[in-house]
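Student: need the 3D shape of this:
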Amino acid sequence: MLLRTTLLRLSFLLLSSLAGLAPAAWAGELTVSAASSLSNAFKELAPGFEAQQPGSKLLFNFAASDALLAQIAKGAPVDVFAAADQISMDRAQAQGLLAPGSRRNFTRNQLVLISAAGVTPPKSLADLQSPAFTRLALGRPEGVPAGRYAKSTLEAAGLWTALAPKAVYAQNVRQALDYVARGEAEAGIVYATDAAQAADKVKAAFSIPTAEPILYPAAIVSGSANVKLAGQFLSYLQSPAAQAVLARHGFLAP
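Tutor: From the prediction side, this is the model:
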């Protein structure tokens with residue numbers, strides 16, 4: 001009788017232990033495709049989320065938002081899509097690639113004009129017409145949100161026709177930053193957060209107002225293998241802890 005009671009207790013303890021470990025076993029990996037400008041901030045906030053969700057592991061894929069969208073459309077196994085503009089997310093939604101009702105804005109950014117070390121920074125966008133600036137680095141407008149913002153701003157200022165011949169197009173905003181940091185372009189238009197990452201290599205001349213705020217949306221990708229964890233990640237992005245990390249990297253509240 002004593003042996004039977006002992007065995008029952010051991011069985012109960014074992015089941016209780018397994019139940020306690022279940023969330024860790026079920027959490028699993030979460031693949032997040034995110035805009036290049038989010039790379040540093042997302043890598044920093046990952047441990048906080050993983051600690052909050054024991055057994056979870058964030059796997060990141062960083063690239064220009066349009067490139068990420070193309071991957072998702074071709075069936076890439078992605079759980080969460082975090083874009084740098086509304087246009088990319090609108091396209092994803094129109095193609096039925098997002099879980100209904102999961103889309104939300106979680107942070108905001110700004111454009112800045114940067115110049116290379118040793119170059120006298122321009123005081124206005126119009127100064128970029130000077131012969132001193134032969135190359136202007138920016139994301140490719142057809143595929144990079146930062147490039148779309150830059151082009152629309154220059155068009156609004158009546159400068160696009162004059163400056164387009166000087167444009168050096170990048171595949172993502174970080175590449176545009178690198179062009180200026182390496183001195184391959186005298187100036188560039190990037191996000192404020194990217195300029196902050198290379199403050200020792202480039203000068204941020206001034207902020208560039210945009211017609212619409214640069215809001216970053218995120219959503220669960222339809223067909224995600226881990227919808228519950230994906231939803232928890234989206235909620236985490238709006239938490240005080242994640243917002244504090246984003247703020248340290250220069251992002252603004254949405």
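
Student: from memory residue 151 sits against residue 138, does it?
Tutor: Yes - using CB atoms under 8 Å, residue 151 is in contact with residue 138, at 7.5 Å. Placement of C-beta: from N, CA and C, glycine included.

Student: these two: who's more crowded?
Tutor: Just comparing residue 151 and residue 138: by other CB atoms under 10 Å the higher neighbour count belongs to residue 138, 28 against 21.

Student: put the alpha carbons of stretch 33-45 into CSV.
Tutor: Coordinates of the C-alpha atoms in stretch 33-45 are reproduced here as CSV (Å, rounded to 0.1, in the frame of the first residue of the first chain):
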residue,chain,number,x,y,z
SER,A,33,10.9,39.3,-41.1
ALA,A,34,11.7,42.9,-40.2
ALA,A,35,12.8,46.0,-42.0
SER,A,36,16.6,46.6,-42.0
SER,A,37,16.3,49.7,-39.9
LEU,A,38,14.9,47.6,-37.0
SER,A,39,17.9,45.2,-36.8
ASN,A,40,19.8,46.7,-33.9
ALA,A,41,16.7,47.4,-31.8
PHE,A,42,15.1,44.0,-32.4
LYS,A,43,18.3,42.1,-31.6
GLU,A,44,18.4,44.0,-28.3
LEU,A,45,14.8,43.4,-27.3
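
Student: show me what counts as buried in it.
Tutor: For stretch 33-45, the buried set under the neighbour-count rule, 16 or more other CB atoms under 10 Å, comprises 33-42, 45.

Student: and what of stretch 164-177?
Tutor: 166-177.

Student: hmm, who's touching it?
Tutor: 35-37, 39, 63-64, 67, 84, 114, 128, 133-141, 143-147, 178-179, 184-185, 188-191, 194-195, 197-198, 202 (CB atoms under 8 Å, 6 or more residues apart in numbering).

Student: circling back: and the buried residues of stretch 33-45, which is closest to residue 124?
Tutor: Nearest to residue 124, judged by CB to CB, of the buried residues of stretch 33-45 is residue 37 at 24.3 Å.

Student: quick one, what contacts the closest one?
Tutor: By CB under 8 Å, 6+ apart, the residues touching residue 37 are 84, 109, 146, 173-174, 191, 193-194.
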